[in-house]
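Peer 1: Let me see the structure of the following:
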Amino acid sequence: MNVKVSARRTFSSLSNHNYRKYFYGQTTSLVGTWMQMTAQSWLVFTLTHSATAIGLVVALQTLPVLLLGPYGGVVADRVDKRKLMIILQSAMGVQAAILAVLSLTHVVTYVDVCILAMVLGLNNAFENPSRQSFVLEMVGPNDLRNAVSLNSTMNNVARAVGPAIAGIIIASFGEGWCFALNAVSFVAVVFSLMIMDKTTLNPSVPTERAKGQLREGFRYVAATPKLLYPLIMMALVGMLAYEFQVTLPIVAGKVFHGSAEVFGVMTGSMGAGAVIGGLWSASKGRTGTRAMIRAALLFGIFITFAALSPKIGIEFFALALVGFASVSFLSMANSTLQLETDPQMRGRVMALWAVAFMGTTPIGGPLIGWITSETNARVGLGVGAASCFVAAVIGWLTVRHYQTREARESSFIVDTAINDTIVVE
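Peer 2: Numbers count the residues shown, from 1 in each chain. Okay, the predicted model is just below:
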């Protein structure tokens, strides 16, 4: 009986038929996306044999999120998010198809990869805030924590399956077929969005177009500590710890002298651990700064383990633990921000979350790439671990500060009440 109750709690948001359609369609698409990400990193590595070059591609793919992400949140608050997602997901399929044609015809160059990475980043700057804030419109506030955790699980099931498939396809047929299959996979998520029952959605009232809405979003976050400090923690960890696209190809190729299959297994191991972490987060439903502090510490410890692993078998296990902690931290941050945000501001806040998570990569990607090139991949991972520990300290200092302030305010109220009582007597 307890097992059944736990299972219902873990998968409660899937009882919503719109979310269930979206979940299966998006899972299919994300398998293709992770195949493309794996193939793209390996393609750049084979073209350049440079960690810095991989970091630059990752930076170009996320730079538009840094520059345009906040405005993407303004757009998300103004429009029908479902319709916008249909358009943007279709455009992502076209981008993958172009990369597939260039690769399959053996004319692809490093410059081509860079240009198409930037095109994808432009799309992500507007698609990500719409997608993040659309979850609440599908499932409502009661199932939001569960849906966000299942989204993370879905992403990491794809992370486990996609790279493993990509490793086999790359070794057997080449990178181009990974890009082609990704292009086809977008049909699933676009179709799921088109067949949704619109009468059961709970869309936020679109924000009327007005001047200063972007600044309004920044002011709102700056004045709300429960949003500001989780965003700062997410930005630091997102910039330096989540640069596995840069470090893992080098770990596979230069530290353990492996091939594309080894790289695929590494990424797949991390994804497998993330699946377990996502299901755990879905069943626990924890949010808030304290939960993020614990997750950041765990994330840092496991990345340190991966950085120091002496053998490849141990590395696979360490990366599974890294995946577990990474999705726990990510889902806690996402849920915390959505639940603490006013509905009219949700698109803009989640755009800042995207900037913190992905938009910091134009800084972190090249930096970790440079550190890795100048030292080695183990040091690159170690820098990411250090960022997790620093983020945990920031969170701890924040909690302590507000506990002290609340204690002082409570003491002031008590003293005032006592003084008033004395005066009355």
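Peer 1: Please make it C-alpha for all contacts and neighbour counts, starting now.
Peer 2: Noted.
Peer 1: right, and the helix or strand after the helix or strand of the chain at the bottom of the mean pLDDT ranking?
Peer 2: The element with the least model confidence among the helices and strands of the chain, by mean pLDDT, DSSP states H and E, is helix 2-10, at a mean of 61. Moving toward the C-terminus from helix 2-10, the next helix or strand (DSSP states H and E) is helix 17-48.
Peer 1: what helices or strands is the one helix or strand Ile301 maps to leaning on?
Peer 2: Ile301 is part of helix 289-308, with elements assigned from DSSP H and E. Contacts defined by 3 or more C-alpha pairs under 8 Å, 6 or more residues apart in numbering; DSSP states H and E place helix 289-308 against helix 225-240, helix 312-339, helix 377-424.
Peer 1: Alpha carbons of the first one, in PDB - could you do that?
Peer 2: Coordinates of each C-alpha in helix 225-240 appear next as PDB, following Å, rounded to 0.1, in the frame of the first residue of the first chain:
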ATOM      1  CA  PRO A 225      15.100  38.000  -1.400                       C
ATOM      2  CA  LYS A 226      13.400  34.600  -1.800                       C
ATOM      3  CA  LEU A 227      14.000  35.000  -5.500                       C
ATOM      4  CA  LEU A 228      17.200  37.000  -5.600                       C
ATOM      5  CA  TYR A 229      19.500  34.700  -3.600                       C
ATOM      6  CA  PRO A 230      18.400  31.400  -5.200                       C
ATOM      7  CA  LEU A 231      19.100  33.100  -8.600                       C
ATOM      8  CA  ILE A 232      22.600  34.200  -7.400                       C
ATOM      9  CA  MET A 233      23.300  30.600  -6.300                       C
ATOM     10  CA  MET A 234      22.000  29.200  -9.600                       C
ATOM     11  CA  ALA A 235      24.100  31.700 -11.600                       C
ATOM     12  CA  LEU A 236      27.300  30.700  -9.900                       C
ATOM     13  CA  VAL A 237      26.700  27.000 -10.200                       C
ATOM     14  CA  GLY A 238      25.300  27.300 -13.700                       C
ATOM     15  CA  MET A 239      28.300  29.300 -14.900                       C
ATOM     16  CA  LEU A 240      31.100  26.900 -13.600                       C
END
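Peer 1: And for it, what's in contact with it?
Peer 2: With contact meaning C-alpha atoms under 8 Å, 6 or more residues apart in numbering, helix 225-240 is reached by 221-222, 288-289, 292, 333, 336-337, 340-341, 352-353, 355-358, 360-361, 363-365, 368, 383-384, 387-388, 391-392, 394-395, 398.
Peer 1: what do you get for stretch 62-81?
Peer 2: 118, 121-122, 124-127, 129-131, 134, 203, 206-209, 213-214, 344-352, 354-355, 358-362.
Peer 1: buried residues in that stretch?
Peer 2: 62-66, 68-81 (16 or more other C-alpha atoms under 10 Å).
Peer 1: Now, these that are in helices?
Peer 2: Using DSSP state H, the members of the buried residues of stretch 62-81 that fall within helices are 62-66, 68-78, 81.
Peer 1: that older thread, chain center to the helix holding Ile301, what's the gap?
Peer 2: 16 Å (C-alpha atoms, centre = their mean, to the nearest Å).
Peer 1: So Asn142, which state does it fall into?
Peer 2: Following DSSP: H, G, I helix; E, B strand; the rest coil, Asn142 is assigned to coil.
Peer 1: neighbours around it, how many?
Peer 2: Under the neighbour criterion other C-alpha atoms under 10 Å, Asn142 is assigned a count of 12.
Peer 1: Now Phe317. Nearest residue, chain neighbours left out?
Peer 2: Ser269 (7.2 Å; C-alpha to C-alpha, 6 or more residues apart in numbering).
Peer 1: so what's the one you found up against?
Peer 2: In this structure, Ser269 makes contact with 160, 316-317, 319-320, 323, judged by C-alpha under 8 Å, 6+ apart.
Peer 1: Output the residues you listed as JSON lines; include the columns neighbour count, distance to Phe302 and pLDDT.
Peer 2: Output for the contacts of Ser269, formatted as JSON lines (neighbours: other C-alpha atoms under 10 Å; distance: C-alpha to C-alpha, whole Å; pLDDT from 0 to 100):
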{"residue": "Ala160", "neighbour count": "28", "distance to Phe302": "18", "pLDDT": "66"}
{"residue": "Phe316", "neighbour count": "20", "distance to Phe302": "12", "pLDDT": "94"}
{"residue": "Phe317", "neighbour count": "19", "distance to Phe302": "10", "pLDDT": "95"}
{"residue": "Leu319", "neighbour count": "28", "distance to Phe302": "8", "pLDDT": "94"}
{"residue": "Ala320", "neighbour count": "27", "distance to Phe302": "9", "pLDDT": "93"}
{"residue": "Gly323", "neighbour count": "29", "distance to Phe302": "9", "pLDDT": "88"}
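Peer 1: Greatest separation within those: which pair is it?
Peer 2: Using C-alpha to C-alpha, the pair of the contacts of Ser269 lying farthest apart is Ala160 and Phe317, separated by 13.3 Å.
Peer 1: From Gly32, how far out is the residue nearest to Phe317?
Peer 2: For Ser269, the distance to Gly32 under the criterion C-alpha to C-alpha, to the nearest Å works out to 17 Å.
Peer 1: And for Val139?
Peer 2: Taking C-alpha to C-alpha as the criterion, Val139 is separated from Gly32 by 25 Å.
Peer 1: Run the chain-centre distance for stretch 304-322.
Peer 2: With C-alpha atoms, centre = their mean as the basis, the distance from the averaged C-alpha position of stretch 304-322 to the chain average is 22 Å.
Peer 1: What residues sit buried inside the helix or strand encompassing Gly271?
Peer 2: Secondary structure here is read from DSSP H and E; on that basis Gly271 sits in helix 260-284. Of the residues in helix 260-284, those scored as buried under the neighbour-count criterion (16+ other C-alpha under 10 Å) are 260-283.
Peer 1: Can you check what angle separates that helix from helix 17-48?
Peer 2: In terms of direction (axes from the mean of the first three to the mean of the last three C-alpha atoms, to 10 degrees), helix 260-284 departs from helix 17-48 by 150 degrees.
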